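>>> A predicted structure for the sequence below; I have some questions about it.
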Amino acid sequence: MPDILTTLIENYASLDPRRQKLLEKMLADRGISLEEKIILPQPRDGRPFPLSFAQQRLWFLDQLE
């Protein structure tokens with residue numbers, strides 16, 4: 001069973017931007033701030049994550065050496 005924070009984050013992320021702003025205003029009226037951007041964790045299904053450009057460059061330079 002997912003924890004309440006994960007459920008809330010997923011629900012917030014699924015809202016359209018207008019409703020996100022409305023929710024942020026309602027929370028701000030109650031003294032709750034959402035200044036930090038919410039980043040959803042990626043599910044780990046065994047597949048590797050793609051490398052960033054910088055990681056690809058380092059790999060290439062290592063292979064070239």
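Arrived safely, thanks for sending.
>>> Helices of this protein, residue ranges please.
In the chain, the helices defined using DSSP state H lie at 4-14, 17-29, 53-64.
>>> JSON lines please, covering those helices and showing mean neighbour count and distance to Arg47.
The C-beta positions use only the backbone N, C-alpha and C, and glycine is treated the same way. Below are the helices of the chain laid out as JSON lines (neighbours: other Cβ atoms under 10 Å; distance: least, Cβ to Cβ, whole Å):
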{"stretch": "helix 4-14", "mean neighbour count": "11", "distance to Arg47": "21"}
{"stretch": "helix 17-29", "mean neighbour count": "11", "distance to Arg47": "30"}
{"stretch": "helix 53-64", "mean neighbour count": "9", "distance to Arg47": "16"}
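>>> among these, which gets the worst mean confidence?
Among these, helix 4-14 has the lowest mean pLDDT, at a mean of 78.
>>> Give me the angle between it and helix 17-29.
Angle of helix 4-14 versus helix 17-29, following axes from the mean of the first three to the mean of the last three Cα atoms, to 10 degrees, is 130 degrees.
>>> So Leu27 is in contact with Gln20, correct?
No - judged on Cβ atoms under 8 Å, Leu27 makes no contact with Gln20 at a distance of 10.6 Å.
>>> Please convert the helices of the chain to CSV, extending it with distance to Pro43.
Below are the helices of the chain laid out as CSV (distance: least, Cβ to Cβ, whole Å):
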stretch, distance to Pro43
helix 4-14, 11
helix 17-29, 23
helix 53-64, 21
